[in-house]
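1. Could you work out the structure for the sequence below:
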Amino acid sequence: MDFFRLPNNVTEFVLLGLTQNPHLQKILFVAFMFIFLFTILANLFIIITISLSPTLSPSMYFFLIHLSLLDASLTSISTPKMTFDLLYKRRTISWGGCLSQLFMGHFLGASEIILLTVMAYDHYVAICKPLHYMTIMRQGLCQLLVVVAWIGEILHATKQILFTADLTFCSTNVIDHFMCDLYSLLEISCSDTYRPGIVVAANTGDMALLIFFPASHLLHHLPELPEIP
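-> Reported below is the predicted structural model:
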């Protein structure tokens, strides 16, 4: 079976979108277009500023560059299509586009969550261990933490896609949403959704382990501060 083709030969889904009111659609189009452009330009400005400034070299700014890149990429997954769909009466997305949207949404979204957690530990070290900060949060460790976040979420998103690709859709291909979402697909699928539901729960547990296990290891090996008399 072709990976981008449904078992029942349904090759696209119909998205109901946010609203069917033509006047409200025009208002939302302007609002979302402004928000999207502002988000992209703001994150681009952050990346350029940090990259060109020699004083913004500590690890917290290194993480901030990656966070801005993830934020801009995550915003670009569904917002442009959702915005321009407001101009059309019939809104569709292909099966391949649906899988791509699902994969990138889970990949970038979960990567951003892990990176925010890493930034929280980075700030913990900066506040609680200021004299050891540059030694602990060295460039090699920062790069390793970013790589772990990306690899972990590639595995997380791949699991979601592998089970989604096996779903069968019998009676309808209409999704009551403005984007292709895993739970929306499970609602209209005529397959047994128990197994994919277990996978989603297991993936959440995997994310928790990926976040807290390295963190506990890092905090355990932090140098102790001298006791205050």
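
2. What's the per-residue pLDDT of residue 202 here?
-> Predicted confidence (pLDDT) for residue 202: 70.

3. That one - how many residues pack around it?
-> 11 (other C-beta atoms under 10 Å). For every residue, glycine as well, the C-beta is placed using N, CA and C.

4. Helix or strand for it, just tell me which one.
-> helix 194-220 (DSSP states H and E).

5. Likewise for residue 13?
-> Residue 13 belongs to strand 12-15, assigned by DSSP H and E.

6. any low-confidence regions in this structure?
-> 1-10, 56-59, 193, 196-197, 200-201, 203-229 (pLDDT under 70).

7. Now with 50, please.
-> Scanning the chain with the threshold set as pLDDT under 50 gives 1-7, 223-229.

8. Remind me what the longest helix that the chain contains packs against, helices and strands.
-> Counting residues, the longest helix in the chain under DSSP state H turns out to be helix 95-128. Helices and strands touching helix 95-128, by 3 or more C-beta pairs under 8 Å, 6 or more residues apart in numbering; DSSP states H and E, are strand 12-15, helix 59-85, helix 133-136, helix 139-164, helix 182-188, helix 194-220.

9. ok, the residue nearest in space to the middle of the chain to residue 116 distance?
-> In the chain, the residue lying closest to the centroid (C-alpha atoms, centre = their mean) is residue 109, at 1.3 Å. Applying C-beta to C-beta, to the nearest Å, the value for residue 109 to residue 116 is 11 Å.

10. Same question for residue 124.
-> On the measure of C-beta to C-beta, residue 124 and residue 116 end up 13 Å apart.

11. How about residue 70?
-> For residue 70 relative to residue 116 (C-beta to C-beta), the value is 9 Å.

12. which of those two has more neighbours?
-> residue 70 (23 against 14).

13. what number of residues lie near residue 137?
-> Residue 137, neighbours per other C-beta under 10 Å, totals 22.

14. if I look at it, how far off is residue 68?
-> Between residue 137 and residue 68 the computed distance is 19 Å (C-beta to C-beta).

15. Check residue 76 too.
-> 13 Å.

16. And those two? Which one has more around it.
-> residue 68 (20 against 15).

17. Identify the residues contacting the closest residue in space to that one that isn't next to it in sequence.
-> Spatial nearest neighbour of residue 68, excluding adjacent residues (C-beta to C-beta, 6 or more residues apart in numbering): residue 43 at 4.0 Å. By C-beta atoms under 8 Å, 6 or more residues apart in numbering, residue 43 lies in contact with 68-69, 71-72.

18. Perfect, that will be all.
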